[in-house]
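>>> sequence and predicted structure below; questions after.
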Amino acid sequence: MSLPKEFVKGICAIVKKEFEPLMRMLGIKEVYTVNNWGEAKNFLDKLATRNDLAIVAVQKSLVPAEISFIDLNLQRLYPIVVLIPDDKKDLFESLKVFYRELIRRYIGYEIHLE
């Protein structure tokens with residue numbers, strides 16, 4: 001038994017041209033290639049109004065440093081914007097620091113993870 005169409009949501013990606021083949025290999029059929037944050041922001045604004053998307057994956061190097069994961073997701077429930085790390089320093093970033101900031105921004109309290 002399959003779910004009704006209104007409950008099935010998809011995934012798309014906004015990446016630079018060199019990341020497009022990777023997204024296709026991961027099974028993402030809807031991939032938008034851009035060169036800078038302005039182009040990516042235009043696509044995000046258009047995709048934010050779609051009801052058939054659950055996730056929009058965005059290459060992290062496209063997003064300016066002053067815009068956080070939380071800022072990209074405060075306006076709506078769906079689609080959820082997920083940042084894809086594409087730099088070695090991002091891959092070695094502490095998960096504790098990431099989740100501590102995420103929780104602090106959402107609930108307003110600092111939580112120490114052990």
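Now that the structure is in, tell me what you want to look at.
>>> not counting sequence-adjacent ones, nearest residue to the residue nearest to the spatial centre of the chain?
With distances taken as Cα atoms, centre = their mean, the chain has residue 82 as the residue nearest its mean C-alpha position (1.9 Å). Once its chain neighbours are removed from consideration, residue 82 has its nearest residue in residue 57; the separation is 5.0 Å (Cβ to Cβ, 6 or more residues apart in numbering). In short, each C-beta sits where N, CA and C put it, glycine included.
>>> quick check: next helix or strand after the helix or strand hosting residue 23?
Using DSSP states H and E, residue 23 maps to helix 20-25. Following the chain from helix 20-25 toward its C-terminal end, the next helix or strand by DSSP H and E is strand 30-33.
>>> just checking: what are the partner strands of that following strand?
The pairing partners recorded for strand 30-33 under DSSP bridges are strand 10-15 (parallel).
>>> state the mean pLDDT of the partner strand.
Regarding strand 10-15, the rounded mean pLDDT is 94.
>>> stretch 54-70 now?
Model confidence over stretch 54-70, given as mean pLDDT, is 87.
>>> quick one: residues in contact with that stretch.
If you take Cβ atoms under 8 Å, 6 or more residues apart in numbering as the criterion, stretch 54-70 is touched by 9-16, 19, 23, 28, 34, 36-37, 40, 44, 47, 72, 78-87, 90, 101-102, 105-106.
>>> can I get the CA coordinates of it in PDB?
Extracted C-alpha coordinates of stretch 54-70, given in PDB (Å, rounded to 0.1, in the frame of the first residue of the first chain):
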ATOM      1  CA  ALA A  54      10.800  17.800   2.000                       C
ATOM      2  CA  ILE A  55      14.500  18.500   1.700                       C
ATOM      3  CA  VAL A  56      16.700  21.000  -0.200                       C
ATOM      4  CA  ALA A  57      20.400  20.100   0.000                       C
ATOM      5  CA  VAL A  58      22.600  23.100  -0.400                       C
ATOM      6  CA  GLN A  59      26.400  23.100  -0.800                       C
ATOM      7  CA  LYS A  60      27.800  24.800   2.300                       C
ATOM      8  CA  SER A  61      30.400  26.800   0.500                       C
ATOM      9  CA  LEU A  62      27.600  28.600  -1.400                       C
ATOM     10  CA  VAL A  63      26.100  30.000   1.800                       C
ATOM     11  CA  PRO A  64      27.800  33.100   3.400                       C
ATOM     12  CA  ALA A  65      29.400  32.500   6.800                       C
ATOM     13  CA  GLU A  66      26.900  34.900   8.500                       C
ATOM     14  CA  ILE A  67      23.900  32.800   7.500                       C
ATOM     15  CA  SER A  68      23.500  29.700   9.600                       C
ATOM     16  CA  PHE A  69      21.600  26.500   9.100                       C
ATOM     17  CA  ILE A  70      19.100  27.800  11.600                       C
END
